[in-house]
Every structure is written in structure tokens, then in C-alpha cells.
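Asker: Below are the sequence and a predicted model; questions follow.
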Amino acid sequence: MPDLDQAAQAAQSAPGSRFVPDPAGWVPAARQVPSPNFDARPAHMPVDLVVIHNISLPPGQFGSGDIEAFFLNRLDPSRHPFFETIHQVRVSAHFLVTRGGELVQFVSCLDRAWHAGQSEFFGRPRCNDFSIGIEVEGSDDQPFTLAQYHTTAALVRALLGTYPVRAVAGHSDIAPGRKTDPGPHFDWAGFAAAAGVAPAQLPYRKEQP
Ligand SMILES: [Zn+2]
């Protein structure tokens, strides 16, 4: 398990932090790569959930640039057999955290990104309506990097201070049986401490023996 004390210190995002979204919902610390895959949230819908995912393209490979291509509808189906099955799928997330900890933003936090799919959070369906999606580049069978915890924690801390976020959940929590990410290697306890997320904001995360 990575030492997340350092991540906690790095995530003490003060007012004016570059992780705090601007009034248009874009985070200054992020490299902006606007995706066409978004639409408006329902009217008067508060953003009160953050969803953590993992993604790798091709599966299990990192740094190819294919995640960005996928969210921009530019995935080349000839590059990998798996891409032939997904290249026409229209999806996005608000954020991607690369293995090196770089933050990339595809959709304004004010808009609805298409990351959760069929999902439910305490009886509320269509989690895309009220959530911010963060893809952490990784897979279910490999540890995430300390740089990724630094960045994800700093981002979530800033989101908590900007929007009425009440909970942080994994994709697997809002689409159980259908999705497994962010997977068993995501250190929820360390992340929560680093991000300043109270245990009560992680409703699905019971203490593991
Ligand atoms: Zn996911």
C-alpha cells in the first residue's frame, strides 16, 4: 500500500488551488481536452456524487493515448481487436488521472458526462445526472501509483469544497454486478484520508478484516 501521508499533505488544496474548478466548471490544473460526449444536466440537479473508475486501453496497457482518443470518438479500430467492439461507443468522463498523475479534463463539471451508464445510488437512477466521473488510468489487477493518489485526492478535495458533494463511490458500487472498477487495488481508506473524505461519505466502504 503506498504511503499516503505524503498524498494527504499534497492534497491540502487551499482556496485558490489550481484544482478548484473555475465558474465554468473547468479545473486550471488539468490539461483540457474537450470531448463532444456530454449534454446538460437536468435542471436544478445538484452535483452531489463523485464516481471513481479505472480504465486502460488497450486493456492492461498504459500511456497509449487511446483513452483520450476513445473519449474524443477517434479510437482507431485497427489498432487492437478490442477497439473494433468499442470504437463506436460514445462515452466520456469529466476527468482522467494518468499513471504519472497528470490530470486531463474532458467535460465541464457543470455538464453531464457519460461515464456511469445504467446505475443507481441509494435508489436514485442515472448517476450521470448528478455525479462527476474520474477515470484513474489502471486496471483491476494492478496497483495505482502514488502520483495518481496525489492528484485524485487533491482534485476530490477541491470538488468537495466547490460542489455539494455528499459521497464518493466506485463505479462498482453504483453498477454492482455489471462493473468492477476501480477494483480491489484502489486504496479507499488511504484515498479518503488524503482527500479529506469522511467515512460517512463512503457508504459502501465497510472496514475490511
Ligand atoms: Zn467505470
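Answerer: Noted; the coordinates are in hand.

Asker: Could you give me the buried positions within stretch 102-119?
Answerer: Judged by neighbour count using 16 or more other C-beta atoms under 10 Å, the buried positions of stretch 102-119 are 103-110, 112-116, 119. Yep, even glycine has a C-beta here, placed from its N, CA and C like the rest.

Asker: low-scoring pLDDT stretches of the protein, where are they?
Answerer: When residues are selected by pLDDT under 70, those of the chain lie in 1-16, 203-209.

Asker: does the residue nearest to the spatial centre of it belong to a helix or a strand, and which?
Answerer: Centroid check for the chain by C-alpha atoms, centre = their mean gives Ile134 as the closest residue, at 0.9 Å. Using DSSP states H and E, Ile134 falls within strand 131-137.

Asker: so what secondary structure elements neighbour the helix or strand just after that strand?
Answerer: Counting by DSSP H and E, the next helix or strand C-terminal to strand 131-137 is helix 146-162. Under the contact definition 3 or more C-beta pairs under 8 Å, 6 or more residues apart in numbering; DSSP states H and E, helix 146-162 sits against helix 5-10, strand 49-55, strand 95-97, strand 131-137, helix 188-195.

Asker: what pairs with the helix or strand that helix 146-162 is followed by, and is each one parallel or antiparallel?
Answerer: The helix or strand immediately downstream of helix 146-162 is strand 167-170, counting by DSSP H and E. When pairing is defined by DSSP bridges, strand 167-170 lines up against strand 49-55 (parallel).

Asker: In terms of secondary structure, what does the following helix or strand past the strand it pairs with contact?
Answerer: Elements were assigned by DSSP H and E; along the chain past strand 49-55, the next helix or strand is helix 66-71. For helix 66-71, the packing partners by 3+ C-beta pairs under 8 Å, 6+ apart come out as strand 95-97.

Asker: again, only using 10 Å
Answerer: strand 49-55, helix 81-86, strand 95-97, strand 103-105, strand 131-137 (3 or more C-beta pairs under 10 Å, 6 or more residues apart in numbering; DSSP states H and E).

Asker: Look up how far Gly177 lies from Ser119.
Answerer: From Ser119 over to Gly177 the distance is 11 Å, taken as C-beta to C-beta, to the nearest Å.
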